[in-house]
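> with the input below, show me the fold.
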Amino acid sequence: MQLVIVESPAKAKTIEKYLGKDYKVLASYGHVRDLPPKDGSVRPDEGFEMDWELYGDKQRQVKAITDAAKEADRLILATDPDREGEAISWHVKELLAKRKALPKDVQRVTFNAITKETVTKAMQHPRELDQDLIDAYLARRALDYLFGFTLSPVLWRKLPGAKSAGRVQSVALRLIVDREREIEAFTAQEYWSVAAQMAHDGTDFTTRLVTFEGQKLDRLSIGDEGTALRAKAAVEGGAFRVESVETKPHKRNPQPPFTTSTLQQEAARKLGFSASQTMRVAQTLYEAGAITYMRTDGVQMDPSAVSACRSAISDRFSGHYLPEKPRHYETKAKNAQEAHEAIRPTEFTRDRYGSGDEGRLYDLIFKRAMASQMASASLERTTVTLRDGTGQHELRATGQVVKFPGFLAVYEEGQDNKSDDDDSGLLPFMKAGDMPAKKDVTAEQHFTQPPPRFSEASLVKRLEELGIGRPSTYAATIQVIKDRNYVRTEKNRFFAEESGRLLTSFLERFFQRYVAYEFTAGMEDELDDVSGGRQEWKALLEAFWRDFKPKSDEVMEKKPSEVTEALDEFLSDYLFPAKADGTDPRLCPKCGEGRLSLRGGRYGAFVACSNYPECKFTRKFAQPGGSADGGGDDEALGKDPETGLEIVRRTGRFGPYIQLGEGKEAKRASIPKDIDELTLEWGIKLLSLPRAIGPHPETGNEITASIGRYGPYLAHNGKYARLRNTAEVFETGMNAAVSLLADAANRGGAGSRTKAEPIKVLGAHPTTAGEIKVMAGRYGPYVTDGTTNATLPRDQKPEDLTAEQAIALIDAKAAKGPVKGKKKAAPKKAAAKKAPAKAASEKAPAAKKAPAKKAPAKKAAPKAAAKKEAAE
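Residues are numbered from 1 along each chain as shown. Below is the predicted model of the structure:
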């Protein structure tokens with residue numbers, strides 16, 4: 001028997017069908033082990049020795065692989081054809097050797113598409129494991145571990161609120177923060193454009209003023225309204241004739257097939273996919289045999305695929321659309337060993353595959369690959385220049401005509417930021433001496449715009465341009481900075497959050513070298529040298545550790561106050577910009593005596609007055625210069641009629657609020673964003689919450705209305721219903737409240753016992769025969785076959801989930817098995833809560849010790865997170 005190891009169960013089933021009875025194909029479900037999340041997993045003093053730990057949820061699968069390996073004559077490691085795939089194969093081999101279950105014959109096989117022809121052909125050309133790729137994996141993994149596990153504890157102690165730093169994630173975050181700084185520093189410049197709407201032979205067209213009073217104009221030449229109106233008057237009063245008509249042919253060549261990076265960029269532009277969503281959908285298409293491997297730097301296609309593509313083009317289009325010779329593209333990957341075939345469909349006869357997200361992404365991949373082998377597009381650009389009788393003023397019109405579409409008949413690449421200049425319109429036929437009719441003249445005011453914020457597509461493009469990270473890791477890198485709330489997205493653009501900006505400033509101040517673009521890109525070059533066999537991996541780590549460790553120790557020795565003082569100086573221009581009236585920007589606006597400075601608190605940084613506690617002025621870190629709502633001045637709304645105490649509006653570190661009284665007895669309430677004008681009446685209402693509506697007619701228990709962390713709501717017996725706005729908190733009556741609570745229960749809200757309706761039904765599971773349903777759960781959507789529940793990935797829309805995806809999720813969850821000890825511990829409720837990992841036979845007194853054992857587990861949690869956060 002020959003044992004084949006792949007990464008996913010979906011792949012395993014397909015490949016086993018291709019290979020026949022003599023082969024047994026098992027899935028590793030990705031990586032089987034990793035560095036344990038604790039100090040000492042990488043030991044620089046011992047030649048960078050590493051300890052590996054089996055993932056807890058892989059015990060069952062590794063046992064199945066081990067048992068099968070003991071009976072196998074040959075082991076074929078057929079994991080993905082990249083560095084990570086090579087690493088997984090190496091881990092499996094090492095584990096089997098350690099368990100004395102490694103067959104004598106061990107070979108490595110790679111294929112970039114899951115089709116019968118490709119797989120069977122690959123089996124005929126096995127090779128040894130690539131030690132250079134394994135070394136590159138070890139270097140990268142150790143580097144990320146050392147960076148994260150050394151730097152993250154420094155952050156936790158010296159920068160309250162900071163969660164993690166990573167070798168690549170911190171540089172990606174810096175790109176976003178730097179763009180935010182550029183936007184803030186940008187000064188808009190006024191400029192005007194003068195245009196004339198003209199017509200000739202019944203066709204309207206637009207001309208722009210390009211020469212005024214004998215001077216050629218650029219975009220910013222007309223900088224004020226007076227000049228613009230003079231220019232407009234000159235055009236209105238002039239008689240313009242065609243001076244020249246210039247026509248130039250132009251060709252556009254197709255783009256190469258997708259790489260990982262360009263696929264992420266185009267899917268973001270055209271489909272609105274996040275990088276992680278693109279990779280997840282592409283993985284599904286790859287495992288289904290629809291496309292080639294989706295983690296690649298290569299832009300070339302296999303010769304047989306090129307032939308198939310050309311054949312498909314000739315079947316669809318006339319001969320003009322097929323160039324005489326196949327197009328050849330050169331890869332831009334710095335390391336050819338990690339560059340594979342481009343992403344393409346496995347069959348060019350199949351122009352559609354799947355539905356929903358899968359169908360849309362496949363369509364994109366198919367069209368891009370086909371277009372890459374098509375003829376160039378032929379265009380004709382026409383420029384018409386018109387001049388008035390004085391010869392001092394000129395107008396210009398431009399147009400573009402597609403004479404032959406070529407590849408544009410199939411695909412046109414998207415753009416991140418489209419230009420305002422549109423020269424794609426049609427122009428009427430004109431010749432020198434013609435005098436088109438002038439219909440209207442306009443002078444429009446414009447202002448220069450700051451550089452646009454990054455979208456996922458433009459951020460991926462910029463990372464690739466700078467040589468930072470690897471395209472296959474961009475999705476994970478972007479997801480980390482999102483999950484850590486260092487950035488937020490609005491209309492698909494990244495905005496730096498307060499925590500992200502502060503972290504970046506800290507790293508720039510104390511670890512400048514390690515967040516420098518050049519350093520990170522240079523490190524990638526060195527890692528590429530390792531994978532290419534040109535550098536020894538331990539030498540790379542030694543050079544990094546020799547400088548990094550002393551630097552981190554130096555910062556760790558600093559007092560938190562010293563760090564805050566350094567950041568206060570570093571961020572001075574941002575936090576305290578110069579005022580127009582020349583007054584001291586650090587002077588406290590409340591007491592008029594103290595000086596403002598950056599302070600560190602339990603929940604992060606903020607600005608406060610030096611006269612604390614006499615002056616309690618504070619301002620959010622994210623309110624540079626004390627902007628409108630950050631001034632901190634208290635505003636008296638009036639006196640509370642019941643207590644006679646003053647109700648005051650204040651601004652704290654977490655935003656505006658109202659307060660009644662002082663000291664420990666003071667009552668406070670946040671001010672909702674939907675209150676346009678805060679009055680004394682509103683203040684009294686907010687401080688009175690929660691509001692009792694009355695007893696529920698069925699249970700007799702009180703129904704209340706209030707405002708919580710997630711907005712206004714109703715509450716009754718542990719069940720909740722949302723309200724639309726703050727006004728409804730004070731206006732909702734009993735009938736409406738009962739109805740809203742009932743509706744919330746029927747929708748399957750928290751605390752509801754009503755059976756929820758499935759979002760989607762996907763048919764029977766091929767193995768368990770249970771009906772597969774997509775459900776809305778308390779903690780998010782999940783899929784179930786009645787026996788196994790599997791949570792949907794964060795970026796997966798439940799409505800778009802396919803049967804194949806659902807089966808894969810359920811099978812993966814089932815393979816992990818039930819959580820240990822849960823079934824046995826169920827009868828002992830108290831013990832199950834306090835010590836779920838204990839065996840059922842453990843006596844009750846032992847359970848009392850569980851709280852004491854919890855403390856170290858909690859301390860380890862941040863380190864466990866650091867391992868993931870430090871990853872690229």
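
> what ranges do the helices span in the stretch 151-300 of the chain?
For the stretch 151-300 of the chain, applying DSSP state H, counting those that start in this stretch gives helices covering 169-185, 225-237, 260-271, 275-287.

> for the closest residue to residue 519 other than its chain neighbours, helix, strand, or coil?
Distances taken as C-beta to C-beta, 6 or more residues apart in numbering put residue 513 closest to residue 519, at 5.5 Å, once the chain neighbours are dropped. In this view, the C-beta of every residue, glycine as well, is placed from N, C-alpha and C. Assigned with DSSP: H, G, I helix; E, B strand; the rest coil, residue 513 falls in the helix class.

> number of residues surrounding residue 513?
Other residues near residue 513 come to 12 when the count uses other C-beta atoms under 10 Å.

> could you do the one 3 residues further on as well?
Around residue 516 there are 15 other residues, counting by other C-beta under 10 Å.

> quick check, residue 664 in a helix?
Yes. Assignment of residue 664 by three-state DSSP places it within a helix.

> let me know the pLDDT of it.
Listed pLDDT for residue 664 reads 75.

> could you give the number of residues near it?
Residue 664 is flanked by 5 other residues according to other C-beta under 10 Å.

> got it, and residue 408?
Counted with other C-beta under 10 Å, residue 408 comes out at 18.

> got a list of what the residue lying closest to it once chain neighbours are set aside touches?
Closest residue in space to residue 408, ignoring its immediate chain neighbours: residue 377 at 4.6 Å, by C-beta to C-beta, 6+ apart. Neighbouring residues of residue 377 by C-beta atoms under 8 Å, 6 or more residues apart in numbering: 251, 252, 402, 404, 405, 406, 407, 408.

> what are the phi and psi values for residue 377?
Main-chain dihedrals, residue 377, degrees, to the nearest 10: phi -80, psi 140.

> find me the pLDDT at it, would you?
93.

> again, but for the one 10 residues further on
According to the per-residue confidence, residue 387 scores 95 in pLDDT.

> any low-confidence regions in the chain?
Where the chain drops to pLDDT under 70, the residues are 332-339, 415-425, 602-603, 622-634, 651-655, 747-757, 778-779, 817-872.

> can you give me the strands in the stretch 51-200 of the chain?
53-54, 74-77, 105-108, 190-200 (DSSP state E, counting those that start in this stretch).

> quick one on the thing from earlier: filter the contacts of residue 377 down to the buried ones.
252, 405, 406, 407, 408 (16 or more other C-beta atoms under 10 Å).

> closest one to residue 284 out of these, please.
residue 407 (27.5 Å; C-beta to C-beta).

> contacts only, for that closest one.
Here residue 407 is in contact with 252, 253, 254, 321, 371, 372, 374, 375, 376, 377 (criterion: C-beta under 8 Å, 6+ apart).

> can you list those residues in CSV and add distance to residue 136?
Converted to CSV, the contacts of residue 407 look like this (distance: C-beta to C-beta, whole Å):
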residue, distance to residue 136
252, 38
253, 34
254, 33
321, 42
371, 34
372, 29
374, 37
375, 40
376, 39
377, 41
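
> mind checking which of those residues land in strands?
Cross-referencing the contacts of residue 407 against strands under DSSP state E gives 252, 377.

> mind giving me the PyMOL select for the contacts of residue 407, buried ones only?
The PyMOL selection below is limited to those of the contacts of residue 407 classed as buried (16+ other C-beta under 10 Å):
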select buried, resi 252+254+321+371+372+374+375+376+377
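
> looking at the contacts of residue 407, which is nearest residue 340?
Checking the contacts of residue 407 one by one against residue 340 (C-beta to C-beta), the nearest turns out to be residue 372, at 16.0 Å.

> ok, the closest one - contacts?
254, 255, 256, 257, 301, 309, 327, 329, 407.

> kindly reformat these as a markdown table containing distance to residue 689.
Formatted as a markdown table, the contacts of residue 372 follow (distance: C-beta to C-beta, whole Å):
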| residue | distance to residue 689 |
| --- | --- |
| 254 | 62 |
| 255 | 58 |
| 256 | 61 |
| 257 | 59 |
| 301 | 65 |
| 309 | 66 |
| 327 | 68 |
| 329 | 64 |
| 407 | 63 |
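
> show me which of those are buried.
254, 255, 256, 257, 301, 309, 327, 407.

> export stretch 122-141 to PDB, keeping only CA atoms.
What follows is stretch 122-141, C-alpha atoms only, in PDB (Å, rounded to 0.1, in the frame of the first residue of the first chain):
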ATOM      1  CA  ALA A 122       3.300  14.200 -11.100                       C
ATOM      2  CA  MET A 123       3.300  10.700  -9.400                       C
ATOM      3  CA  GLN A 124       5.700   9.600 -12.200                       C
ATOM      4  CA  HIS A 125       8.200  12.300 -11.300                       C
ATOM      5  CA  PRO A 126       8.800  12.200  -7.500                       C
ATOM      6  CA  ARG A 127      11.700  14.000  -5.800                       C
ATOM      7  CA  GLU A 128      13.400  14.500  -2.400                       C
ATOM      8  CA  LEU A 129      12.300  17.100   0.100                       C
ATOM      9  CA  ASP A 130      13.800  20.500  -0.800                       C
ATOM     10  CA  GLN A 131      16.000  21.300   2.200                       C
ATOM     11  CA  ASP A 132      16.500  24.900   1.100                       C
ATOM     12  CA  LEU A 133      12.800  25.600   1.200                       C
ATOM     13  CA  ILE A 134      12.600  23.900   4.600                       C
ATOM     14  CA  ASP A 135      15.400  26.100   5.900                       C
ATOM     15  CA  ALA A 136      13.700  29.200   4.600                       C
ATOM     16  CA  TYR A 137      10.500  28.100   6.500                       C
ATOM     17  CA  LEU A 138      12.500  27.500   9.700                       C
ATOM     18  CA  ALA A 139      14.200  30.900   9.400                       C
ATOM     19  CA  ARG A 140      11.000  32.700   8.800                       C
ATOM     20  CA  ARG A 141       9.100  30.900  11.600                       C
END
